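A.B. asks: below: sequence and its predicted model.
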Amino acid sequence: MAAGEPGTITKGQHMTALHTDPRLDSAQAAHRLAAQEVTAGYDARTVLRDLSLHVPEGSFTVIIGPNACGKTTLLRSLARLVRPEAGHVLLDGSAITSMPTKQLARTVGLLPQTSVAPEGITVADLVARGRHPHQSLLKRWGHEDESAVRHALDVTGTSKLSTRAVDELSGGQRQRTWIAMALAQQTPILLLDEPTTYLDIAHQIEVLELCTQLRKQGRTLVAVLHDLNHALRYATHLVAMRDGEIMAQGHPEQIGTAELVQEVFGVAARVIADPETGRPLVIPKAPPER
Amino acid sequence: MTTATTANQRSAQTGHVQRNTVLFRPGVRPVRISGFSTTFDVRTILITAALVVAALAVAWWNMISGSAGITATDTLGALLGGADEGTSRVVLEWRAPRVVFTLLGGAALAVAGAVFQSQTRNPLGSPDIIGFSTGAYTGALLVASFGFTGLLATPLAAVAGGLATGVLVYLLAWKGGVSGLRIIIVGIGVSIFLGSFNTYLMTVLDLEIAMSVATWGAGSVNDITWAHVLPLLAILLLTFPVMLSQARNMHLMEMGDDAAAGLGIRLERVRLVQFTCGILLVAVVTAAAGPIAFVALVAPQLALRLTGASSVQLLPAAAMGALLLTTSDAIARAEFLPASLPVGVITLILGGGYLVWLLVSLGRSRKAST
């Protein structure tokens, strides 16, 4: 990452110039997106109970927890894909349910767990779809659309693939394309649902490094991750969930303990310092030999 | 280009990114005129134009051929108002409405099919597969069983039957929102049920009434008059601009509900608008000509393969539908002179062949991908 560091700083200044919203730089607005006592679920099944979460501005917030603990439901609630039965999701202090859909889509972007690339669609075509909230019936492909798409392709390293069909790409390239689509949306807040699933270790790291880069450029990211050690290494704010409730949240170095792993996942583990970063590293205990 | 070299390690290694490289596939160009901007695809425009020309050529051939012995010059004369009364009647009152109807009706069915296929994310999701036509037939048979047949009762009952089936399928498939696959499966189920109900109704009807309904049910443009064309034109003018304005939303929804909603699309509103417009189009064609099979299923997919686009597009589909229905009518008339076969029989044969091919190739690609 060291070699890329000067580049990302230049990029960061560039991005701040793009988003001139004063709230982004204001120290008072510590968060823009928050869930307030949200109860939500599907049909009769309640998944989230009375959950409150403030997403720190400019953070890379990672949500972890066992399967079916409500991670995805929380993320979908933040994106207004699930309407809370009780409570509110607030953006800049007002409920997102009362916001015009396109306006919300210009502020909060989402990379869902599963999306379908239409058969034969090219990379550039797919990424260009991210511009939708910025377009209208007459303004369908302005100069700013083109530069946003080119920028998103650049940042994700998919420029050279732009005329290729998405279904011909490798898993890692495909995921980078979807991320590029979310980036073309140019939202200050980006929600990612398991962006590293189905990727090999090299591509997982690539995606997580990209997230870190985007955070340094001034965006706020919220991701659901399955790999606990990735979460501990990359998150600036960690949220641990179990049974639809938040068990702990804070900086990984503060809350990344063996007790937390035991409590949240029910796994006995040792936590040592990551020799590379000094962050906590979880090592599950071996069962006693018989 | 200093920013490009710092933008990203990968592009720094492979040389800087050029601003004027091809972004989309070749032939896709941006147009920007003051407040208006869009992209257009040269290939799609050329193919749509070619399809329109072909459809008009076949339509013209339909205008000048037939058993009345009227030449091209006579037809032109009649159209320009300079022919004798007999020729004028044949051209203007018999042939012209039929030819215009096949052009507009084919386009209407194809557009409806495109919308259904896009919304269900499935090339099988066309109004005829998911029960609309069967429902229309049920409507016609039901009123016939009460003794009403004829110019007004059958079409009205057909539209009511088709709409009722559409609503029923939508409601049965509803589960906190509507998914494409569920609509298809529920539609096929309802379709099978109504199909057997139709057979039952046929057996209890008087023979004469049953035969008259069956003629309608085969899908025929033999008796089309201007009174059939005008409502179709009106509905097309009403729905097509609305559908076109929603086309982009519709295409984004093909990526999945979450992705589309994340881009600021109001899913249920788009779905309701597109389905309502699609059903109106099929209803008005069915009311006039009976259920014409397979145009809605085939035309969007053929257009899609020709244009090489990634999702069904309305204008090429409309042109393809017009071409398919006029061609089917030409075959129906020419091959069986002096009698004229119902055009629905021809589309059934052509479309049935296509459906078998589609199912086989879908099965193949599934196998190949696993």
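C.D. replies: Nice, I can see it. Nothing here was measured: the structure is a model prediction, and the numbers come from that model.
A.B. asks: which secondary structure elements does the helix or strand harbouring B:Leu252 contact?
C.D. replies: Using DSSP states H and E, B:Leu252 sits within helix B:247-253. Applying 3 or more Cβ pairs under 8 Å, 6 or more residues apart in numbering or on different chains; DSSP states H and E, one finds that helix B:247-253 contacts helix B:96-120, helix B:257-262, helix B:267-289. Backbone N, C-alpha and C define where each C-beta goes, glycine included.
A.B. asks: packing partners of the longest one?
C.D. replies: Where contact means 3+ Cβ pairs under 8 Å, 6+ apart, helix B:96-120 is packed against helix B:42-64, helix B:180-204, helix B:226-245, helix B:247-253, helix B:267-289, helix B:295-307, helix B:314-334.
A.B. asks: hang on, the earlier thing: can you list the buried residues in the helix holding B:Leu252?
C.D. replies: B:Ala247, B:Arg248, B:Asn249, B:Met250, B:His251, B:Leu252, B:Met253 (16 or more other Cβ atoms under 10 Å in any protein chain shown).
A.B. asks: surely A:Thr131 touches A:Leu183?
C.D. replies: Slight slip there: residue A:131 is Arg, not Thr. No - using Cβ atoms under 8 Å, A:Arg131 makes no contact with A:Leu183, being 10.8 Å away.
A.B. asks: identify the bridge partners of A:Arg242.
C.D. replies: Under DSSP bridges, the beta-bridge partners of A:Arg242 are A:Glu245.
A.B. asks: tell me which of the helices and strands packed on helix B:247-253 lies nearest to B:Gly166.
C.D. replies: For the helices and strands packed on helix B:247-253, distance to B:Gly166 was read as Cβ to Cβ. The smallest value, 4.8 Å, belongs to helix B:267-289.
A.B. asks: pull out the buried positions in that closest one.
C.D. replies: So, applying 16+ other Cβ under 10 Å, buried residues of helix B:267-289: B:267, B:270-271, B:273-289.
A.B. asks: averaged pLDDT, that helix. What do you get?
C.D. replies: For helix B:267-289, mean pLDDT rounds to 89.
A.B. asks: tell me how far that helix is from the chain's mean position?
C.D. replies: 10 Å (Cα atoms, centre = their mean, to the nearest Å).
A.B. asks: can you name the residues of the stretch 201-350 of chain B that neighbour chain A?
C.D. replies: B:245, B:248, B:251-252, B:254-259, B:261-266, B:308-311 (Cβ under 8 Å from any Cβ of the partner chain).
A.B. asks: going through these, which ones are buried?
C.D. replies: Counted by 16+ other Cβ under 10 Å, these give B:248, B:251-252, B:254-259, B:261-265, B:309-311 as buried.
A.B. asks: how about the strands in chain A?
C.D. replies: A:31-42, A:45-56, A:60-64, A:86-91, A:94-95, A:108-111, A:189-193, A:220-224, A:237-242, A:245-250, A:269-273, A:280-284 (DSSP state E).
A.B. asks: other SSEs contacting the third one?
C.D. replies: With contacts taken as 3+ Cβ pairs under 8 Å, 6+ apart, strand A:60-64 sits against helix A:71-78, helix A:201-216, strand A:220-224, helix A:228-234, strand A:237-242.
A.B. asks: export the ones you listed to JSON lines and append columns for mean neighbour count.
C.D. replies: JSON lines is the format used below for those (neighbours: other Cβ atoms under 10 Å in any protein chain shown):
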{"stretch": "helix A:71-78", "mean neighbour count": "24"}
{"stretch": "helix A:201-216", "mean neighbour count": "18"}
{"stretch": "strand A:220-224", "mean neighbour count": "25"}
{"stretch": "helix A:228-234", "mean neighbour count": "22"}
{"stretch": "strand A:237-242", "mean neighbour count": "23"}
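A.B. asks: do you know how far the residue of chain A found nearest chain B is from B:Ile45?
C.D. replies: Closest approach between chain A and chain B, counting by Cβ to the nearest Cβ: A:Ala105, at 3.0 Å. Plainly put, A:Ala105 is 30 Å away from B:Ile45 if you go by Cβ to Cβ, to the nearest Å.
A.B. asks: out of these two, which sits in the busier spot?
C.D. replies: Set A:Ala105 next to B:Ile45 and count neighbours by other Cβ atoms under 10 Å in any protein chain shown: A:Ala105 wins out with 25 against 14.
A.B. asks: next one, pLDDT for residue 40 please.
C.D. replies: Chain wasn't specified; assuming chain A. pLDDT, A:Ala40: 94.
A.B. asks: other chain: chain B
C.D. replies: On the pLDDT scale, B:Phe40 gets 88.
A.B. asks: same deal with A:Ala2?
C.D. replies: 40.
A.B. asks: and what about B:Thr38, helix, strand or coil?
C.D. replies: strand (DSSP: H, G, I helix; E, B strand; the rest coil).
A.B. asks: can you tell me, leaving aside adjacent residues, what's nearest to residue 202?
C.D. replies: The chain I'm using is chain A. Leaving aside its chain neighbours, A:Ala202 sits nearest to A:Gly172 (7.4 Å; criterion: Cβ to Cβ, 6 or more residues apart in numbering or on different chains).
A.B. asks: please refer instead to chain B.
C.D. replies: B:Ala210 (5.4 Å).
A.B. asks: and that neighbour, how far from chain A?
C.D. replies: Separation of B:Ala210 from chain A (Cβ to the nearest Cβ, to the nearest Å): 44 Å.
A.B. asks: which SSE is that residue in?
C.D. replies: helix B:207-217.
A.B. asks: which strands and helices sit next to that helix?
C.D. replies: helix B:132-145, helix B:180-204.
A.B. asks: any idea of the mean pLDDT in it?
C.D. replies: Averaging pLDDT along helix B:207-217 gives 82.
A.B. asks: check stretch B:149-157 too.
C.D. replies: Regarding stretch B:149-157, the rounded mean pLDDT is 77.
A.B. asks: higher neighbour count, A:Arg131 and A:Leu183?
C.D. replies: A:Leu183 (26 against 23).
A.B. asks: the closest residue to the more buried one other than its chain neighbours: neighbouring residues, count only.
C.D. replies: Distances taken as Cβ to Cβ, 6+ apart place A:Ala152 nearest to A:Leu183, at 3.9 Å, with adjacent residues excluded. Residues lying near A:Ala152 (other Cβ under 10 Å) number 26.
A.B. asks: now distance to B:Ile64 and mean pLDDT too, for the helices and strands packed on helix B:207-217, in CSV please.
C.D. replies: Shown next, in CSV, are these (distance: least, Cβ to Cβ, whole Å; pLDDT from 0 to 100):
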stretch, distance to B:Ile64, mean pLDDT
helix B:132-145, 32, 87
helix B:180-204, 38, 88
